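1. 3D, please:
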Amino acid sequence: MSPIRRGHEKKTRHDVEAFLEETYPGADAETRLHALLCWVYHAPLFACRGSREAVSSKAEAKGVTPAEFSQIITGDLTGIGWWALEAVLISCGAMKADIEVALALYEQITRPAGSLGPALGTDAAEDWRPLRPTPPCLLY
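-> Numbers count the residues shown, from 1 in each chain. Okay, the predicted model is just below:
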């Protein structure tokens, strides 16, 4: 069964990734993240379960400005932190699986290859956790 036809309550991270692979085979993370954004943003609109104004109002209530909302929906994540992207996804009605995949794609886009530091566009130190604990001998 196509992942897009499965009920929201049964959608898994694998379903979302399979949908993106079917839709954009071999695409980069930026293209896939934008496709995911379009999917979660437009699905309720096409199903007559919401309006653009309702979605943008929910995002604005979570601290996302109208300009940031427009920027995110068009796929431009320049200077956009994860918290804003997540707020837009939640405002669109994204499910847990959608958000998990979006986070993985966001991290691929914003973190330079080989970097161990915080992702670009984020200002919260807690967004980054070291891959390995610091050896005790280096703590002193």
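
2. and the helices in this structure?
-> Ranges of helices in the chain, per DSSP state H, are 13-23, 29-46, 52-61, 66-73, 82-91, 96-110.

3. let's have those helices in CSV, adding mean neighbour count and mean pLDDT.
-> C-betas here are computed from N, CA, C, even on glycine. Compiled in CSV, these are given as follows (neighbours: other Cβ atoms under 10 Å; pLDDT from 0 to 100):
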stretch, mean neighbour count, mean pLDDT
helix 13-23, 17, 92
helix 29-46, 17, 86
helix 52-61, 15, 86
helix 66-73, 16, 93
helix 82-91, 20, 93
helix 96-110, 18, 93
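
4. isn't residue 55 right up against residue 91?
-> Yes - counting by Cβ atoms under 8 Å, residue 55 does reach residue 91; the two are 5.2 Å apart.

5. who touches both of the two?
-> Shared contacts of residue 55 and residue 91, defined by Cβ atoms under 8 Å, 6 or more residues apart in numbering, are absent.

6. per-residue pLDDT, residue 50?
-> For residue 50, the model assigns a pLDDT of 64.

7. got it, and residue 11?
-> Per-residue pLDDT puts residue 11 at 84.

8. what of residue 124?
-> Note on residue 124: pLDDT of 45.

9. do residue 6 as well
-> 47.

10. just residue 76 next, same as before
-> We have a pLDDT of 91 for residue 76.

11. so how far is residue 53 from the residue lying closest to residue 36 once chain neighbours are set aside?
-> Residue nearest to residue 36 in three dimensions, not counting chain neighbours: residue 102, with 5.6 Å by Cβ to Cβ, 6 or more residues apart in numbering. Between residue 102 and residue 53 the computed distance is 23 Å (Cβ to Cβ, to the nearest Å).
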